[in-house]
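1. here's a sequence, model it:
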Amino acid sequence: METNKILSALCYFSIFFAGFIFPIIVYFVTDNPYVKKDAKAALISHIIPIVAIPFIFAGIFLDIGIFATGSGIPVFFFLMIGLFILINIIIVIWNVYKGIKVLL
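-> Predicted structure coming up:
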C-alpha cells in the first residue's frame, strides 16, 4: 500500500489518537498535493466540534433564569448539548468514512 494513502487515512483517523496535531504535522511535512488536501480536510473536520462549543454556552445563556431559580427543566441547554453530541458523532463517522475511502 502506498505511503501517501496511509498518511491521508491516518490524518482522518487521528480524530481518535492525535486530534488536530497530526494533520498539521502531515500538512507541513509532506510534498504530495493529495495528502496535503486530505490533511487540510481532516484538520477542518477536527476543528468543527471546537467551533460547536458556543452552542452549549448559548444554551446556558438562554436558560439562565431556570438555572438561577432552580425551577423547571433547562430545555435549551439540553437541546444544545444534544446538538453538540450529534455534531461530534457525525464528524467521527465522516472521518472514519473518509479514512476508509482513502485506503480503498
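
2. shaky segments in the chain?
-> The chain contains residues with pLDDT under 70 at 1, 67-68.

3. who's in contact with the residue most central in space within it?
-> The centre of the chain sits closest to H46, judged by CA atoms, centre = their mean, with a distance of 3.6 Å. H46 makes contact with S14, I15, G19, F20, P23, I91, N95, according to CB atoms under 8 Å, 6 or more residues apart in numbering. Using the backbone N, CA and C atoms, a C-beta is placed for each residue, glycine as well.

4. how about a cut-off of 6 Å?
-> I15, F20 (CB atoms under 6 Å, 6 or more residues apart in numbering).

5. got it, and V102?
-> K5, S8, A9.

6. what ranges does the chain have for its helices?
-> 3-13, 21-29, 33-51, 53-62, 64-69, 75-103 (DSSP state H).

7. looking at these, which is buried most?
-> helix 3-13 (a mean of 20; mean count of other CB atoms under 10 Å).

8. rewinding a little: nearest to T30, of the contacts of V102?
-> Using CB to CB, S8 comes nearest to T30 of those, at 9.2 Å.

9. that closest one - nearest residue in space that isn't next to it in sequence?
-> Excluding the flanking residues, the one nearest S8 by CB to CB, 6 or more residues apart in numbering is D38, at 3.8 Å.

10. relative to D63, how far out is the one you found?
-> 40 Å (CB to CB, to the nearest Å).

11. next one: T30
-> With CB to CB as the criterion, T30 and D63 are 46 Å apart.

12. could you do K36 as well?
-> According to CB to CB, K36 stands 43 Å off from D63.
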